[in-house]
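No letters, just coordinates:
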């Protein structure tokens, strides 16, 4: 059943397939995924929301039902006192019918949405990708709103691990990769921090320290090799300037040779 719902949701939401690896050596591609406990954590949150919806629906239906019963008693008493005002009873019957329709529709919606939202929680876990190469990191998450960002290691300033109490209990943590230009506002709860152009979150990994060390090792190798960001416009501009300067020097040397040859 889940596979059928998954196919329906992927088609309806037009969720793209597995992301391509970012720039870098093909042999260096490595894919990290969120830990299994991250799925269980999201599943518990889903169950709490469903329980809250059921309790809320029961409270509303019971409260409205009791109000309808009190209204029916008053309408009946008024009808007995004033038989010529039978339209009051008819209006109240219409209201009761509408409430019953609302009651059935509400319960039906509550039951129908459960398998779809359950599938959405599992899909959100399965469609979460953290792909690294020797030069870049690509993060993709979300199924309703798909968010993808690519960070080049040449711009990375810091790699850290953040872990809240519940994450520690579940053996999970977030790896945060910060790039140049960061330092903007951030939510107090790092686990639910919003997206930033200068921060990449590898959420809910169960081997956070190993992931952090792997990224730091690639940063070290990149710096040892003296390689910068190939897509960095500043670096590209600098290279163009160096070529132009070399050509000017070459032209000067050629002119000097010609002048010396003319004198001799």
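Received the coordinates, thanks. It should be emphasised that the depicted structure is a prediction, and the values quoted were computed from it without experimental measurement.

number of nearby residues for residue 136?
Number of residues near residue 136 (other CB atoms under 10 Å) recorded here: 23. Bear in mind the C-beta positions are built from the backbone N, C-alpha and C, glycine included.

now swap in residue 100 and tell me
12.

Could you look up the next helix or strand downstream of the host helix or strand of it?
Using DSSP states H and E, residue 100 maps to helix 87-126. Going down the chain from helix 87-126, the next helix or strand is strand 129-132, by DSSP H and E.

Give the other helices and strands that that following strand contacts.
strand 30-32, strand 136-141, helix 208-224 (3 or more CB pairs under 8 Å, 6 or more residues apart in numbering; DSSP states H and E).

Kindly recompute the last result at 6 Å.
Applying 3 or more CB pairs under 6 Å, 6 or more residues apart in numbering; DSSP states H and E, one finds that strand 129-132 makes contact with strand 30-32, strand 136-141.

and these as TSV, adding distance to residue 17?
Formatted as TSV, the helices and strands packed on strand 129-132 follow (distance: least, CB to CB, whole Å):
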stretch	distance to residue 17
strand 30-32	13
strand 136-141	10
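
Give me the angle between the helix holding residue 100 and strand 136-141.
Taking axes from the mean of the first three to the mean of the last three CA atoms, to 10 degrees, one finds helix 87-126 and strand 136-141 inclined to each other by 160 degrees.

my guess is residue 39 is in a strand, correct?
No: Residue 39: not assigned to a strand; according to DSSP: H, G, I helix; E, B strand; the rest coil it is helix.

To what extent is the nearest residue to it once chain neighbours are set aside buried, counted in neighbours?
Closest residue to residue 39 in three dimensions, ignoring its sequence neighbours and counting by CB to CB, 6 or more residues apart in numbering: residue 125, at 4.1 Å. Residue 125 has 21 neighbouring residues, counting by other CB under 10 Å.

per-residue pLDDT, residue 125?
pLDDT recorded at residue 125 is 92.

quick one: it from residue 140, how far?
13 Å (CB to CB, to the nearest Å).

Residue 119 versus the residue nearest to residue 39, what's the distance?
Taking CB to CB, one finds residue 125 at 11 Å from residue 119.

any shared contact partners between the two?
By CB atoms under 6 Å, 6 or more residues apart in numbering, residue 125 and residue 119 have no common neighbours.

circling back: residue 71: which of the helices and strands packed on strand 129-132 is closest?
When the helices and strands packed on strand 129-132 are compared by CB to CB, strand 136-141 sits nearest residue 71, at 49.7 Å.

chain center to that closest one: distance?
11 Å (CA atoms, centre = their mean, to the nearest Å).

again, but for stretch 246-253
53 Å.

Can we start the residue count at 313 from this point?
Okay, using 313 as the starting number, the last item reads as stretch 558-565.

list the buried ones in it?
Using 16 or more other CB atoms under 10 Å as the test for burial, stretch 558-565 gives no buried residues.

same for the helix holding residue 412, what does it pack against?
Packed next to helix 399-438, using 3+ CB pairs under 6 Å, 6+ apart, are helix 314-325, helix 348-393.

export the ones you listed to TSV and tack on mean neighbour count, mean pLDDT and distance to residue 475?
Shown next, in TSV, are these (neighbours: other CB atoms under 10 Å; pLDDT from 0 to 100; distance: least, CB to CB, whole Å):
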stretch	mean neighbour count	mean pLDDT	distance to residue 475
helix 314-325	13	83	30
helix 348-393	13	86	12
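
As CSV, the ones you listed with distance to residue 515 would be great.
Listed next are those as CSV, based on distance: least, CB to CB, whole Å:
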stretch, distance to residue 515
helix 314-325, 20
helix 348-393, 7
